[in-house]
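In: Would you be able to build a 3D model of this:
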Amino acid sequence: MATVKAWGPPALPRISAQVLDAASVVGLLVCWLGPVLAWPWLPERIPVHLTLTGEVDAWGSRAALFLLPALGTPPLVLLHALVRQPARALPRHAQSLDDILRSLFRWIRTLVVWLLCLMQWELMAVATGHDDGRSLLVLALGVGALLATVAGHLRLAWRAR
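Out: A predicted model of the protein is given here:
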């Protein structure tokens, strides 16, 4: 019976590559569809940037909500293409590092796409007056998870050398 190889550093749950791939694709779709579905309820003028304290310091049209997914899609597609490349025949040591790098790319892609969605959600919540202030905390935790993921993979790479 074939088993699915798990990806991820020991500090994070071990999740299969297919789950991470699907989560990033779903997140990207959410980033594109979120503004489309919320469009009728969004005011013409929305916040396009928040300070670290959650105060609006820049305003724009609601079409600006498509800027985050538009800027995020190309690098995410590139990361997707990189991890989907067939593995080359490598020496055992190099193969381990290649696996770690592919895992890191999958985790980064997935976390970044959902952080983009969260930022977009926060802008829509502020625009419609539904901001509860917790999104910035969740965003900070997401950035922390991203940094922990990179640190965990660096630790794995250091051990594999």
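
In: which non-adjacent residue is nearest V30?
Out: Nearest non-adjacent residue to V30, counting by Cβ to Cβ, 6 or more residues apart in numbering: C117, 5.2 Å away. Every C-beta, even on glycine, is put in place using the N, C-alpha and C of the backbone.

In: what does L136 give?
Out: G54 (5.3 Å).

In: And P69, by the same measure?
Out: Ranked by Cβ to Cβ, 6+ apart and with sequence neighbours excluded, the top spatial neighbour of P69 is C31, at 3.9 Å.

In: per-residue confidence at M1?
Out: Looking at M1, its pLDDT stands at 45.

In: Also the one 3 residues further on?
Out: Reading off the per-residue confidence, V4 sits at a pLDDT of 46.

In: In the chain, spot the helix with the most residues.
Out: In the chain, taking DSSP state H as the definition, the longest helix is helix 92-127.

In: List the buried residues in that one.
Out: 96, 99-100, 102-127 (16 or more other Cβ atoms under 10 Å).

In: returning to what we had before: quick check: the residue nearest to L136 is in a strand.
Out: No. Counting by DSSP: H, G, I helix; E, B strand; the rest coil, G54 falls outside a strand, being coil.

In: wait, isn't it in contact with D131?
Out: Yes. G54 is in contact with D131 according to Cβ atoms under 8 Å; the separation is 7.2 Å.

In: Of the two, give the one with the bigger neighbour count.
Out: A direct count of neighbours by other Cβ atoms under 10 Å for G54 and D131 places D131 higher, at 19 against 14.

In: any idea how far R84 is from the closest residue to the more buried one other than its chain neighbours?
Out: Excluding the flanking residues, the one nearest D131 by Cβ to Cβ, 6+ apart is A125, at 4.5 Å. Separation of A125 from R84 (Cβ to Cβ, to the nearest Å): 34 Å.

In: swap in A127?
Out: Distance of A127 to R84, computed by Cβ to Cβ: 36 Å.

In: and stretch 72-84, average pLDDT?
Out: Mean predicted confidence for stretch 72-84 is 84.
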